[in-house]
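Asker: This is a predicted model, with the sequence first.
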Amino acid sequence: MDSNALKQIAAEAALGYIKPGMVVGVGTGSTTNLFIDALGKAKIHVEGYVASSVATETRLKGLGLPVLNLNDTGDIPIYVDGADEVDPHFRLIKGGGGALTREKIVASAARLFVCIADGSKDKPMLGKFPLPVEVIPFARSFVARQLVKLGGNPSLRAGVTTDNGNVILDVTGLDLTDPVTMESRINLIPGVLDNGIFAQRRADVLLFGTPQGVVERRA
């Protein structure tokens, strides 16, 4: 099975967590797009969906699925999203699609965070995938210097402006043996909106698509 097929079976497995009447948070990215398409076919009568990006909102509406504003819903029962890396402690790196800040907000508002991914994202520790950091444009150079002091090698993601009007620095070389601490240290840098370490709000359920089927893990 190719990676798209593995993503597909993970995305479809997440449908089992969606119940009629729920408000459902929906992430951003290639695997989540497959989940959205599966939602469109399943026609589960939920109250509505909270999108983590403009792209996700557009895809949901394009399938005739109702979209709600997080400001109007309060906390929500469930959030479903993909990941770029997952460690054995359910901590993630996210943000390859540039929506990391809104993804973290919706994930933090959810009582259950279901992460869907193909098995290649299952890693012994975080750090191979470049860490996305969302930065206010005015502070880009300053933040980059502070990330170098933390051991990182930041590079500007060319041609990308986030839904919040900011830029993304992709950072390699950071020591993520303690991702909770690093998440906090980066977010304390003035000019950083958020970063793609999901360690303080980690996943609750992992659904990995593998050639042998879907592997489910619960925190």
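Answerer: Looks like it arrived, so ask away. Treat the numbers as computed from the prediction; the structure is a model and nothing was measured. Numbers count the residues shown, from 1 in each chain.

Asker: Which segments of the protein make up each domain?
Answerer: 3-124+200-218, 131-195 (automatic domain parsing).

Asker: could I get these as a markdown table with mean neighbour count and mean pLDDT?
Answerer: Every residue, glycine included, has its C-beta placed from N, CA and C. Shown next, in a markdown table, are the domains of the chain (neighbours: other Cβ atoms under 10 Å; pLDDT from 0 to 100):
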| stretch | mean neighbour count | mean pLDDT |
| --- | --- | --- |
| domain 3-124+200-218 | 19 | 97 |
| domain 131-195 | 17 | 98 |
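
Asker: wait, doesn't V167 sit right on P154?
Answerer: No: the criterion here is Cβ atoms under 8 Å, and V167 misses it with P154 at 10.8 Å.

Asker: Quick check: nearest residue in space to the most centrally placed residue in the chain, chain neighbours excluded?
Answerer: Centroid-nearest residue in the chain, with Cα atoms, centre = their mean: K94, separated by 4.6 Å. Among residues not flanking K94 along the chain, G196 sits closest, at 4.9 Å (Cβ to Cβ, 6 or more residues apart in numbering).

Asker: my guess is that neighbour meets G98, correct?
Answerer: No: using Cβ under 8 Å as the test, G196 is too far from G98 to be in contact (9.6 Å).

Asker: Could you name every residue contacting both of these two?
Answerer: Common neighbours of G196 and G98 are listed as P132 (criterion: Cβ atoms under 8 Å, 6 or more residues apart in numbering).

Asker: List the contacts of L70.
Answerer: For L70, the contacting residues are 25, 50, 76, 105-106, 109, by Cβ under 8 Å, 6+ apart.

Asker: Just these: which are in strands?
Answerer: Of the contacts of L70, the ones assigned to strands by DSSP state E are 25, 50, 76.

Asker: can you give me the helices in this protein?
Answerer: For the chain, the helices defined by DSSP state H cover 3-13, 30-42, 54-62, 70-73, 100-109, 140-149, 179-187.

Asker: which other residues reach the last one?
Answerer: Surrounding helix 179-187, the residues in contact under the criterion Cβ under 8 Å, 6+ apart are 87, 91, 126, 133, 147, 150, 174-176, 192, 194-195, 197-200.

Asker: ok, 6 Å please
Answerer: For helix 179-187, the external contacting residues (Cβ atoms under 6 Å, 6 or more residues apart in numbering) are 91, 126, 176, 192, 195, 197, 199-200.
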